[in-house]
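K.L.:
Fold the stuff below for me.
(one chain, ligands or ions: 1)
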Amino acid sequence: MPRPVISATGLFTPAQTITNEELVESFNAYVARHNADNAEAIAAGEVAALEPSSVEFIEKASGIKARHVVDKANVLDPATMCPRIPERGNEELSIMAEIGVAAAREALERAGREAEDVDAVLCAASNMQRAYPAMAIEIQHALGVEGFGFDMNVACSSATFGIQTAADYIRAGNARSVLVVSPEITSGHLNWRDRDSHFIFGDVATAVLVEDAEIAPVDHWDILGTKLKTVFSNNIRNNFGFLNRTAPETRDGPDKLFVQEGRKVFKEVVPMVAAMICEEAERLGIEPASLRRLWLHQANAGMNRLIAQKVLGHEATADESPTVLDTYANTSSAGSIIAFHKHSADLAYGDIGLICSFGAGYSAGTVFVRKAT
Ligand SMILES: CC(C)(COP(=O)(O)OP(=O)(O)OC[C@H]1O[C@@H](n2cnc3c(N)ncnc32)[C@H](O)[C@@H]1OP(=O)(O)O)[C@@H](O)C(=O)NCCC(=O)NCCSC(=O)CC(=O)O
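P.N.:
Purely as a prediction, here's the structure:
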């Protein structure tokens, strides 16, 4: 039976960044304006005064210090607080495909692969720019890939679900080379006016090339096993969808953007993910404490600290559980792949590590990998 491996990864990082200081300054200007404009109603108890945000809170609660975005100016403008991305003509490459193609090209180049060698493209991300045609098919076309492509959305876990899907195609003999592309323009679904969550997300795109070991480059990562899990929860939710226009009175409500019960997510997801990792490690005959590195989903530094501690049996060092939260923030499905992309080259042949995602759904995915040659 063909054996799937990870041949290479790719990363596209938008040039513009927003620091916590810049973000909080903009948010607090919006709060001051709102409170001044509504001073009378606030005094009369008819409108609630808004509370300012703080850099210290953000860093302490999340570990996030900055994020990349595709449109800094409009996100920071207290009058807009939302990216402005002009619509492109149907003959132009859409922005989500554009950043996905950039990441995919890097993965192909690193693997020494041409587009014609690829059999399928999966666009695995939390939000799709449009209903159809599938983003994956546009990316496939722009790259010059034959075969097939389709979109899949499992929120933060999209990339690991995509890797398992790609690995299954390879095992089944349906494809020998599959690109899993995760373009995340999370700035479009983040409510930049919500104090509880305005600091959470950033924009990015990643790509993972999953291939049959027989055609893989000399240096690659064996996929030792993948495991997926979903448990329904309303604690991370986004009600945006094609039926919104059928209910005009609620169409633009804040629930049509990202909303979460962050504390509940923290409390419920940490034990679920730690147990899932340990069970899957046992099934694969891997001692969890022997894992050389954990590339965890990048949502919250405290969550990752706890999960790593439960898995490794001691507090993980930055070397054992690297973070990219400080510079990228939460990039949804791309987070664990960025961590893997940036912090895997130094491992030795034979070292075993874990790529792990978790998030809305709830959803969680594990991909145990071994550096191979
Ligand atoms: C969201 C959090 C960072 C929030 O941290 P805490 O739980 O410590 O904080 P909290 O909400 O209880 O608030 C604590 C106190 O800080 C105040 N507070 C809240 N926001 C503030 C801000 N911006 N500035 C200053 N203070 C603030 C609150 O009013 C409260 O005050 P007082 O104490 O006075 O009441 C954290 O809970 C978290 O990261 N949880 C996990 C979230 C997660 O993984 N989500 C997945 C994201 S979805 C994802 O990854 C993608 C996907 O699946 O698609």
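
K.L.:
Residues of the stretch 151-300 of the chain that sit close to the ligand?
P.N.:
Within the stretch 151-300 of the chain, the positions near the ligand by C-beta under 6 Å from any ligand atom are 155-156, 195-196, 236, 260, 262-263, 265-266, 299-300. C-beta coordinates here come from the backbone N, C-alpha and C atoms, glycine included.

K.L.:
Pull out the buried residues from those.
P.N.:
155-156, 195, 236, 260, 262, 265-266, 299-300 (16 or more other C-beta atoms under 10 Å).

K.L.:
My guess is residue 179 contacts residue 145. True?
P.N.:
Yes. Here residue 179 reaches residue 145: they are 7.4 Å apart, a contact under C-beta atoms under 8 Å.

K.L.:
what about those two, which has more around it?
P.N.:
Under the criterion of other C-beta atoms under 10 Å, the comparison of residue 179 against residue 145 puts residue 179 first, with 32 against 25.

K.L.:
measure the more buried one to residue 56 for me?
P.N.:
Applying C-beta to C-beta, to the nearest Å, one obtains 41 Å for the distance of residue 179 from residue 56.

K.L.:
circling back: okay, and the common contacts of residue 179 and residue 145?
P.N.:
Taking C-beta atoms under 8 Å, 6 or more residues apart in numbering as the contact criterion, the residues that touch both residue 179 and residue 145 are 118, 120-121.

K.L.:
Number of residues surrounding the closest residue in space to residue 343 that isn't next to it in sequence?
P.N.:
For residue 343, the nearest residue in space outside its immediate sequence neighbours is residue 322; the separation is 4.1 Å by C-beta to C-beta, 6 or more residues apart in numbering. For residue 322, the count of nearby residues is 21 (other C-beta under 10 Å).

K.L.:
again with residue 12
P.N.:
By other C-beta under 10 Å, the residues close to residue 12 number 22.

K.L.:
Likewise for the one 3 residues further on?
P.N.:
Burial measure for residue 15: 8 neighbouring residues, criterion other C-beta under 10 Å.

K.L.:
for the spatially closest residue to it that is not a sequence neighbour, what are its contacts?
P.N.:
Once flanking residues are discounted, residue 15 sits nearest to residue 68: 7.7 Å by C-beta to C-beta, 6+ apart. Contacts for residue 68 (C-beta under 8 Å, 6+ apart) come out as 13-17, 202-204, 327-328.
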